[in-house]
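S.K.: Need a 3D model of the sequence below.
(one chain, ligands or ions: 1)
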Amino acid sequence: MKSIITLALLHIINISLYAEPMINNVINRNTTSLNGKWNIIIDPYDNGYYDYRMQENPWGFFRNQKPTDKSDRVEYDFDCSETLNVPGDWNSQKAELLFYEGSIWYKRSFDYTLNNGKRLLLWFGAVNYRADVYLNGKKLGSHEGGFTPFYFDITSLIQDKNNFLIVRVNNQRHPDGVPTINTDWWNYGGITRDVLLIEEDSIFILNYHLYLNNQNPNLLQGWIQLNDKIANEKIQIDIPELKLSIQGKTDENGIFVFESNVKHLVRWEPLKPKLYSVFLRHRQNVLKDNIGFRTITTAGNQLLINEKPVFLKGICIHEEMPMRKARANGYDDAKVLLGWALELGCNFVRLAHYPHNEYMVRMADSMGLLVWSEIPVYWTIQFGNRQTYQLAEQMLTENIRRDQNRACIIIWSIGNETPVHQERIEFMKNLALKARQLDPTRLISAAMEVHVNPSDPFTYHVDDPLGEYLDVIACNEYVGWYDGLPAKTEKIKWQTKYNKPFVFSELGAGALFGYHGDSLTRWTEEYQEYFFTEQIKMLQQIPFLTGLSPWVLADFRSPRRQLPGIQDFWNRKGLISDQGQRKKAFYVLQKWYQTIK
Ligand code: GCB
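M.R.: Numbering: from 1, shown residues only. Sure, this is the predicted structure:
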């Protein structure tokens, strides 16, 4: 509870920090889609980018012009080149791109008539990993990070006809990247989420956050930010179902900060989600959103939603459609993945290990599934590198600013399994502080490691010093898979020095669907079933346990997982197979979850 109060104070002090130019709720804005087939040039040597003869105009040779002088590259022509679907990863679209890590140039032409006084933004839902964007021969900028949105203001460049948009997409892994070289998921490259043109007035509502005060559920609070620091602009918030209308004016930062008492509000609850239509008015424009309101607090190891303790019956999910062997995107995919979680009996999902697409979060909001949202600070990134830190902080900011109005999200996770040492503590501590500053209304966590003293091998401690800076203590454990056999769980005693909610953010074992044997034969469904049976017995003995999210909902693609005939580039810890079949362990967990109220 204490930490939440501190957060509220921080919020008051830092209100003027809401200055990052990040747009939200693009789904409900006036947009034109640039999705569809884009022409591509596969450029494994990055000739389009690095050429000492073309320093001044690296993009130039891809312009769709007749060669006019010797500097034009006659070998390349977008118009007769192949195409790829946008949104979409390239790996699943062409067999020869399955393992491709390098650059692909994407091109799309379009017409657009922009009326006087309007503003046009070019918005990308996500590009993995790096994007360099050029419009009509001018470089707009670059973006690093594969799972969050970004945009450019193209008002001054747009022309009525034949706009020529080029994006160099590069998915090479880098030691100083986030994530770094080594992960356990497929490095899907491409323009993996929507590309939209957003038309707005020159002054418009850029971003906002509406929430209930965690200590006083009758108090609605928040802020609305314009795209410019303009004072005295009238803002009105309407929630017709509550007969609520709040009016006010922006301050010198272009921000309207408000609070208002609310009566008879039906709160958003897990599995009973109530969303309100909210209308934000500025001048003659109205921006609509569907927002749920709830409180979240902690007391000792309890996690309370609307003052009621909740046990997190969770599952981890990768953003992948196993049957399509492709990145998941859109409402249909979200419905399948989250539908599986509901069938399993979950009230909670951990969206691992990076921000999932916005459809996923909106679907969780309307299904009533609580969400753990994470950034890809994973394993051994360069904790001592300032630029790497900046990158992680940028991803955190982009993630929070996109999703802060989704009631389903209760936890911002700042990373997964990061080794304990001083540089890393500094790095993670700063991320935790940043997350609180950006959103003082939610809990902060990270999936940490377990610590065992050789002198006492069966007492497992969760005592990572990072825990001081977190609201929820979470750790991954693999007793019975990487760590002994399933029966080892009987001997383990769990201890944590933190009096905070305690969650197992992962536990799991591999099994190939349809492979049967006895319960001690690895990779069989029976082993995985036995693993879950033993784990559940252990979990039931931990009085301070607040929840879990086993690893993982469905089998997922990973280059690390090669065992022929069993893995074949799939991590097999899914409770559901790559063809969507439920493995035996699925029913073990389902049965347990059904008994927990
Ligand atoms: C972990 C990682 C997860 C892996 C999993 C595994 O601890 O957090 O990304 O996929 O283990 O299967 O080993």
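
S.K.: Pretty sure residue 381 sits in a helix.
M.R.: No. Residue 381 is assigned coil when assessed by DSSP: H, G, I helix; E, B strand; the rest coil, not a helix.

S.K.: Quick check, central residue of this structure?
M.R.: residue 355 (1.0 Å; Cα atoms, centre = their mean).

S.K.: does it really touch residue 148, like I thought?
M.R.: Yes. Counting by Cβ atoms under 8 Å, residue 148 is a contact partner of residue 355 at 5.5 Å. Placement of C-beta: from N, CA and C, glycine included.

S.K.: Just to be sure, residue 331 is in a helix?
M.R.: Yes. According to three-state DSSP, residue 331 belongs to a helix.

S.K.: How about the contacts made by the nearest residue to it once chain neighbours are set aside?
M.R.: Nearest non-adjacent residue to residue 331, counting by Cβ to Cβ, 6 or more residues apart in numbering: residue 359, 4.9 Å away. Going by Cβ atoms under 8 Å, 6 or more residues apart in numbering, residue 359 touches 329, 330, 331, 333, 334.

S.K.: same thing but at 7 Å, please
M.R.: By Cβ atoms under 7 Å, 6 or more residues apart in numbering, the contact set of residue 359 is 329, 330, 331, 334.

S.K.: Need phi/psi at it.
M.R.: phi -60, psi -40 (degrees, to the nearest 10).

S.K.: Need the pLDDT of it.
M.R.: Listed pLDDT for residue 359 reads 98.

S.K.: if we can go back for a sec, pLDDT score for the residue nearest to the centre of the chain?
M.R.: For residue 355, the model assigns a pLDDT of 98.

S.K.: And what about the residue lying closest to residue 93 once chain neighbours are set aside, helix, strand or coil?
M.R.: Leaving aside its sequence neighbours, residue 93 sits nearest to residue 84 (Cβ to Cβ, 6+ apart; 5.4 Å). Following three-state DSSP, residue 84 is assigned to strand.

S.K.: now do residue 263
M.R.: Assigned with three-state DSSP, residue 263 falls in the coil class.

S.K.: Check it and give its pLDDT.
M.R.: Listed pLDDT for residue 263 reads 91.

S.K.: give the contact list for it.
M.R.: Residue 263 neighbours (Cβ under 7 Å, 6+ apart): none.

S.K.: how near is it to the ligand?
M.R.: Between residue 263 and the ligand the distance is 45 Å, computed by Cβ to the nearest ligand atom, to the nearest Å.

S.K.: how about that residue, phi and psi?
M.R.: According to degrees, to the nearest 10, residue 263 has phi -120, psi 150.

S.K.: ok, the residue nearest to the centre of the chain touching residue 399?
M.R.: Yes. With contact defined as Cβ atoms under 7 Å, residue 355 reaches residue 399; the gap is 4.3 Å.

S.K.: Can you tell me the SS state at the residue of the stretch 151-300 of the chain found nearest the ligand?
M.R.: The ligand sits closest to residue 184 of the stretch 151-300 of the chain, with a gap of 3.7 Å, by Cβ to the nearest ligand atom. Classification of residue 184 by three-state DSSP places it in coil.

S.K.: ok now do it, which residues does it touch?
M.R.: Each residue near residue 184 by Cβ under 7 Å, 6+ apart is listed here: 558, 560, 571.

S.K.: Tell me, how many residues neighbour the last one?
M.R.: The local packing of residue 571 (other Cβ atoms under 10 Å) involves 21 other residues.

S.K.: hey, what's it bridged with?
M.R.: Per DSSP bridges, the residues bridged to residue 571 are residue 556.

S.K.: Surely it touches residue 555?
M.R.: Yes. Assessed by Cβ under 7 Å, residue 571 is found in contact with residue 555 at 6.5 Å.

S.K.: Mutual contacts of the two, please.
M.R.: Here residue 571 and residue 555 have no joint contacts, going by Cβ under 7 Å, 6+ apart.

S.K.: residues touching the closest residue to residue 405 other than its chain neighbours, list them.
M.R.: Once flanking residues are discounted, residue 405 sits nearest to residue 291: 5.2 Å by Cβ to Cβ, 6+ apart. With contact set as Cβ under 7 Å, 6+ apart, residue 291 has these partners: 210, 275, 276, 278, 405.

S.K.: same thing but 10 Å
M.R.: Applying Cβ atoms under 10 Å, 6 or more residues apart in numbering, one finds that residue 291 lies in contact with 25, 208-211, 222, 239, 268, 274-278, 365, 405-407.

S.K.: For PyMOL, write the select line for the buried members of the residues you listed.
M.R.: Buried residues within these, by 16 or more other Cβ atoms under 10 Å, are selected in PyMOL with:
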select buried, resi 25+208+209+210+211+222+239+268+274+275+276+278+365+405+406+407
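
S.K.: Take the contacts of residue 291 and keep only those in helices.
M.R.: Secondary structure assignment by DSSP state H places residue 365 of these in helices.

S.K.: related to what we said a few turns ago, pretty sure the residue nearest to residue 93 is touching residue 100, no?
M.R.: No. Shown here, residue 84 and residue 100 do not form a contact pair, counting by Cβ atoms under 10 Å, at 11.5 Å.

S.K.: Write out the residues of this structure neighbouring the ligand.
M.R.: The chain has residues 184, 353, 416, 417, 476, 506, 551, 571, 573 near the ligand, with proximity defined as Cβ under 6 Å from any ligand atom.
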